[in-house]
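Asks: How does the following fold in three dimensions:
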Amino acid sequence: MNTILHKADTRGDANHGWLHSKHTFSFANYHNPERMNFGVLRVLNDDKVSESRGFGTHPHKDMEIISIPLEGDLKHMDDMGNSTIIKSGDIQVMSAGTGVMHSEFNNNPDKPVKFLQIWIIPNKQRVKPRYDQITLDTADRKNKLQQVLSPNEDDAGVWIHQNAWFNITNLDKGKVVKYNLNDAKNNGVYAFILKGDATINGQELNERDGFGVWDVKSLDIKGDSDTEILLMEVPMSLN
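Replies: Okay, the predicted model is just below:
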């Protein structure tokens, strides 16, 4: 088993006033050559956007972009004709492919919006741009794993152009779940603690810590307090 630990307070910090972002991996003005990615997981940004502010129209290409709102409502618009609101309990995916222009704004005039923006390097280049979002039943993650993303269009959750699976679990203190990798030969898992404290394969973790594990077949996950955890299983090779 190989592991890497990223404590919450070691992340890159970017405070632009209207935007406060914590970068697990190198992004924009934060550059750390030892923290470029975890396999094909290229970006994990923990964003807080002020009331009625946001990211103006900007381009992306050849990247799978996943947004997971944590608090508040996020408005998305793009040049594919989509104009939607995503909120806590939703998950959004955009395959940028040959190129897409989009914007994201806090749709709330009276409170900030908090969300994760995640970039996954795809296994196919120059695909037709695509957008999707779903609303999840968060009760389905109570003391068990809820799959929210996979490579398969027919699976539960959203899908992307990569051999990746995301799961979320809400564990009561003392509860334990086991995660079995879908592709233990090629993949690793990056666990991100959204709330509370947990122990994963013997490693104690606190809120907003990140923990990467590879060369394993499964993870034993225990809630040391009431906790919420995002598990991202991704290929470890960029090829």
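
Asks: Give me the packing partners of whatever helix or strand residue 170 lives in, helices and strands only.
Replies: Assessed by DSSP states H and E, residue 170 sits inside strand 165-171. Packing partners of strand 165-171 (3 or more Cβ pairs under 8 Å, 6 or more residues apart in numbering; DSSP states H and E): strand 146-150, strand 176-180, strand 218-223, strand 227-235. (Each C-beta comes from the backbone N, C-alpha and C, glycine too.)

Asks: Any idea which of those gets closest to residue 23?
Replies: Distance to residue 23, taken as Cβ to Cβ, is lowest for strand 227-235 among the helices and strands packed on strand 165-171, at 15.7 Å.

Asks: residues contacting the closest residue to residue 171 other than its chain neighbours?
Replies: Once flanking residues are discounted, residue 171 sits nearest to residue 223: 3.3 Å by Cβ to Cβ, 6 or more residues apart in numbering. Counting by Cβ atoms under 8 Å, 6 or more residues apart in numbering, residue 223 makes contact with 171-176, 196-198.

Asks: give me that answer again for 10 Å
Replies: 143, 169-177, 196-199, 229 (Cβ atoms under 10 Å, 6 or more residues apart in numbering).

Asks: between the residues you listed, which is nearest residue 37?
Replies: Closest to residue 37, out of all of the contacts of residue 223 and judged by Cβ to Cβ, is residue 229, at 20.3 Å.

Asks: Neighbours of that closest one, how many?
Replies: 26 (other Cβ atoms under 10 Å).

Asks: and the gap between it and residue 55?
Replies: Counting by Cβ to Cβ, to the nearest Å, the gap from residue 229 to residue 55 is 27 Å.

Asks: which residues does the residue nearest the centre of the chain contact?
Replies: With distances taken as Cα atoms, centre = their mean, residue 118 lies nearest the centre of the chain, 4.5 Å away. Residue 118 is in contact with 24, 41-45, 64-68, 91, 93, 149, 164, 166, 190, 192, 230, 232, counting by Cβ under 10 Å, 6+ apart.

Asks: Pairing partners for the helix or strand that contains it, with directions?
Replies: Using DSSP H and E, residue 118 falls within strand 113-120. Take DSSP bridges as the rule and strand 113-120 pairs in its sheet with strand 41-49 (antiparallel), strand 64-71 (antiparallel).

Asks: Tabulate these (JSON lines), appending mean pLDDT.
Replies: Shown next, in JSON lines, are those (pLDDT from 0 to 100):
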{"stretch": "strand 41-49", "mean pLDDT": "98"}
{"stretch": "strand 64-71", "mean pLDDT": "97"}
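
Asks: Tell me which of those strands approaches residue 4 most closely.
Replies: strand 41-49 (11.5 Å).
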